[in-house]
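*Asks:* Starting from these lines, generate the structure:
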Amino acid sequence: MKNFILLYITIISVFSFNSYGQKNKITSADKKYDSYAYIKAVSTYERVAEKGYKSEDMFQKLGNSYYFNGELDKAAKWYEELFKMNPNQESEYCYRYAQSLKAIGQTEKANKMLETFQQKAGNDSRGKLFEKNKNYLDQIKANSGRYKIEDAGINSKYSDYGSAFYGNKLVFSSARDTGSLGQRKHTWTDQHFTNLYTSDLGEELTPGKVNKFSSKINSKFNESTPVFTKDGKTMYFTRNNYLDGKKGKDGKRITLIKIYKASFENNNWDKITELPFDSDQYSVAHPTLSPDEKTLYFASDMPGTLGQSDLFKVKINEDGSFGVPQNLGAAINTEGRETFPQITDENELYFASDGHPGLGGLDVFVTKIGIDGTIGEIQNVGDGANSPKDDFAFLIDTKSRRGFVTSNRDGGQGYDDIYKFLETRKLVCLQELNGTVTDLNTAQALPDTKMSLFDSEFKLVNIGVSDAVGKYKFEVECGKTYFVRAAKPDYVVKEKMVTIAKENGRTQLDIALEKEVCKVAIGDDLGKCFQIKMIYFDLDKYNIRTEAALDLEKILDVLNQNPTMKLDIRSHTDCRQTAQYNQVLSDKRAKSTIAWLVKNGVDPKRLTGRGYGESQLVNNCGCEPTNKSNCTEEQHQMNRRSEFIITAL
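*Replies:* Numbering: from 1, shown residues only. Predicted structure coming up:
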């Protein structure tokens, strides 16, 4: 895999050999290594090593050269020699060796090496991730088997990678030799520089004939990983530091990579400019746009990077200017490589990483970005899309669940190849969480209620509003706990918790909102203002319990605030027990309620009341004459109620 896409940082070291001739060869190789000419350098290293010469420094460079180029089976060979020579290597080599071992199927040995890495690395997030996810292979297995994958039909014997949708076309990068006499090769890969190519997409997103993209975009250096705005008028793309015939270099005279912007005018791409946060001193690459196109995500090794390359985001202002790039943080970035971000219209972020536990090399991972920008759970998308080699540049159409992924897995046609896939099931089990928002007292639907969905840690996941009939819905993950908050002017904000079942389906959560100010008139039940449905008494008793006193304090306060208000207190029972018994019991409870209020300072002239027993049932749950009923406990509960009817104001 081309190193410039992965934003590597070169490790510089010096060799020491006895043979003068060998020293000359090594010195030559060092220079090539330090100038990123990995392919030619590794040939020299290998020839020297095959003659029996041993050096930690040489084995490190041999391993790194193959590791950085994605040939992990060969990297494993030389890292093995390195650890045989000296097992006490720096943590970074432990990690690279473990990744290489996984690529050749030596998982148990890889896990032991990861344990060594974790002990050495201390605070390194990759070690913590491994420690936290020791059963990561089980998790990956659970996520596997979801892809039907095949060659995309557009690959050459060279490197073909990365892709983007552009209307009904696929745009991708390729190092294929188109026959130009001036075609140049890149010293990192010994392949031609890449240009952008395009292919019409047919049924089932099958690519057709391949053509070169705009000659205004393609240059004599590398172009890759474009992204297009929905209106097709703006594109962002990656290119070597080259503009208007001028090539930029860093302090070591190395030409890095930048993100450029172009506009589609007069039927061609024009006005190519570099982004303001590009630099000659670090690389910026692989742009992708948020669904609202107000945020640009990218990969970089700019100052503030946690690892070898990190994912960043930057705000696109209304006037077309840019904010200050922000690192996505340790929730997603590791000390390893995070690169090739791709965001879907469902706000899912797919990216490649060798820092999160995977199958080997770069794996594709996915996370959900919350509406407040928070990063959700990071998951390996599983075998199929991923392999023991490098897998990256994951692109999916969320409607058809078809897409493309790049890999240098075994069996390909070239250095990197583009594969098309069909995702047969989503990674996560999803449910629809829905419900109706109503007025607590009137049961009328409340449209235009602001609805907010929070996860179990109260991170905002989504927002919405109830429709014309008070209904709302959210897409949620199975088995998780959420909090739903409803807010509407003149109502008290209410939040309810709900735990979603562990299988696909729907979960209903209705929410009734209470008015902030309860407006009452003569004849209204004051108890409804405070959701007082009944005053609780012990079975067959009429003395005031603690729970009853709490509700009566609310009534007492209203009476104290409204000295002219008068109440008629009515107590009702269900039909169980005899009618005569219920009449007597309810009358005693009404009088006991009045006595409590009088004892606490209310003028008895303001209070009347009596018990009605089972004479005013609110449903058909009568028991007479048999004193039996088939009603449920919930239905009987509706009849056991206390009322505080306002008779004067």
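*Asks:* mind checking the SS state of residue 96?
*Replies:* Of the three states, residue 96 takes helix under DSSP: H, G, I helix; E, B strand; the rest coil.
*Asks:* so who does it touch?
*Replies:* Counting by CB atoms under 8 Å, 6 or more residues apart in numbering, residue 96 makes contact with 63-64, 67, 75, 79. Quick note: C-beta positions are derived from backbone N, CA and C, even for glycine.
*Asks:* Let me know the secondary structure of the residue lying closest to residue 109 once chain neighbours are set aside.
*Replies:* In this structure, residue 109 finds its nearest non-sequential neighbour in residue 101, 5.2 Å apart by CB to CB, 6 or more residues apart in numbering. The local conformation at residue 101, judged by three-state DSSP, is helix.
*Asks:* Quick check: the gap between residue 101 and residue 448.
*Replies:* Here residue 101 is placed at a distance of 58 Å from residue 448 (CB to CB, to the nearest Å).
*Asks:* the more surrounded of the two?
*Replies:* Remark: of residue 101 and residue 448, residue 101 carries more neighbours, 26 against 12, as counted by other CB atoms under 10 Å.
*Asks:* what's near enough to touch that one?
*Replies:* 76, 107, 109-110, 113, 360 are the contacts of residue 101 under CB under 8 Å, 6+ apart.
*Asks:* same deal with residue 567?
*Replies:* 526, 555, 559, 606-609, 644-647.
*Asks:* Narrow those residues to those that are buried.
*Replies:* 526, 555, 559, 606-607, 609, 644-646 (16 or more other CB atoms under 10 Å).
*Asks:* Which helix or strand contains residue 393?
*Replies:* strand 391-397 (DSSP states H and E).
*Asks:* For that strand, which strands pair with it and how are they oriented?
*Replies:* According to DSSP bridges, strand 391-397 forms sheet pairs with strand 402-407 (antiparallel).
*Asks:* could you dump the partner strand to PDB, C-alpha only?
*Replies:* Coordinates of each C-alpha in strand 402-407 appear next as PDB, following Å, rounded to 0.1, in the frame of the first residue of the first chain:
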ATOM      1  CA  ARG A 402     -23.900  -1.600  -1.600                       C
ATOM      2  CA  GLY A 403     -20.500  -0.100  -1.700                       C
ATOM      3  CA  PHE A 404     -16.800  -0.400  -2.300                       C
ATOM      4  CA  VAL A 405     -13.700  -1.100  -0.100                       C
ATOM      5  CA  THR A 406     -10.000  -1.200  -1.000                       C
ATOM      6  CA  SER A 407      -7.700  -4.000   0.100                       C
END
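*Asks:* List the buried residues of the helix or strand that it is followed by.
*Replies:* Downstream of strand 402-407, the first helix or strand assigned by DSSP H and E is strand 417-423. By 16+ other CB under 10 Å, the buried positions in strand 417-423 come out as 417-421, 423.
*Asks:* Do a quick rundown of the strands in the stretch 251-400 of the chain.
*Replies:* When assigned using DSSP state E, counting those that start in this stretch, the strands of the stretch 251-400 of the chain occupy the ranges 257-265, 268-274, 284-289, 295-300, 310-315, 326-327, 338-343, 348-353, 363-368, 379-380, 391-397.
*Asks:* if I look at the closest residue to residue 639 other than its chain neighbours, how far off is residue 610?
*Replies:* Take residue 639 and drop its neighbours on the chain: the residue closest to it by CB to CB, 6+ apart is residue 574, 4.3 Å away. In this view, residue 574 and residue 610 are 18 Å apart by CB to CB.
*Asks:* the more surrounded of those two?
*Replies:* residue 574 (23 against 15).
*Asks:* Against residue 293, how distant is residue 318?
*Replies:* From residue 318 to residue 293 the distance is 11 Å (CB to CB).
*Asks:* give the contact list for the closest residue to residue 384 other than its chain neighbours.
*Replies:* Distances taken as CB to CB, 6+ apart place residue 147 nearest to residue 384, at 3.5 Å, with adjacent residues excluded. Residues near residue 147 by CB under 8 Å, 6+ apart: 382, 384-385, 421-424.
*Asks:* and what of residue 594?
*Replies:* Contacts of residue 594 (CB under 8 Å, 6+ apart): 569, 604, 607-609.
*Asks:* and with 10 Å instead?
*Replies:* 567-569, 602, 604, 606-610 (CB atoms under 10 Å, 6 or more residues apart in numbering).
*Asks:* Now for those: which two are most distant?
*Replies:* 602 and 610 (17.1 Å; CB to CB).
*Asks:* if I look at the most centrally placed residue in the chain, how far off is residue 347?
*Replies:* Taking CA atoms, centre = their mean, the centroid of the chain lies closest to residue 368, which sits 1.5 Å from it. Residue 368 sits at a distance of 7 Å from residue 347 (criterion: CB to CB).
*Asks:* Also residue 256?
*Replies:* For residue 256 relative to residue 347 (CB to CB), the value is 30 Å.
*Asks:* Between these two, tell me which one has more neighbours.
*Replies:* Here residue 256 and residue 347 are compared on neighbour count by other CB under 10 Å; more neighbours surround residue 256, at 21 against 16.
*Asks:* Quick check: the more buried one vs residue 148, distance?
*Replies:* Applying CB to CB to residue 256 and residue 148 gives a distance of 38 Å.
*Asks:* Give me the next element, helix or strand, following the longest helix along the chain.
*Replies:* Taking DSSP state H as the criterion, the chain has its longest helix at helix 579-599. Later in the chain than helix 579-599, the nearest helix or strand by DSSP H and E is strand 607-613.
*Asks:* Neighbouring strands of that next one in the sheet, and parallel or not?
*Replies:* According to DSSP bridges, strand 607-613 has these partners: strand 566-572 (parallel).
*Asks:* Next, the angle from the partner strand to helix 579-599.
*Replies:* 150 degrees (axes from the mean of the first three to the mean of the last three CA atoms, to 10 degrees).
*Asks:* how much distance is there from strand 566-572 to the middle of the chain?
*Replies:* 55 Å (CA atoms, centre = their mean, to the nearest Å).
*Asks:* Now do that strand, average pLDDT.
*Replies:* Across strand 566-572, the average pLDDT comes to 90.
*Asks:* So for it, what gets flagged as buried?
*Replies:* Of the residues in strand 566-572, those buried (16+ other CB under 10 Å) are 566-572.
*Asks:* now do stretch 144-152
*Replies:* 144, 146-147, 149, 152.
*Asks:* For those, give me CSV that also has pLDDT, distance to residue 401 and secondary structure.
*Replies:* Shown next, in CSV, are those (pLDDT from 0 to 100; distance: CB to CB, whole Å; DSSP: H, G, I helix; E, B strand; the rest coil):
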residue, pLDDT, distance to residue 401, secondary structure
144, 81, 16, coil
146, 89, 9, coil
147, 91, 10, strand
149, 93, 13, strand
152, 93, 16, coil
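*Asks:* dump the residue contacts of residue 621.
*Replies:* With CB under 10 Å, 6+ apart, residue 621 has these contacts: 574-576, 614, 629-632, 635-639.
*Asks:* Model confidence score at it, please.
*Replies:* In this model, residue 621 carries a pLDDT of 85.
*Asks:* Go over the secondary structure and confirm it is in a helix.
*Replies:* No - under three-state DSSP, residue 621 falls outside any helix and is assigned coil.
*Asks:* I'd like the domain boundaries of the protein, if you could list them.
*Replies:* Split into domains by automatic domain parsing, the chain comes to 3-134, 147-423, 430-513, 526-648.
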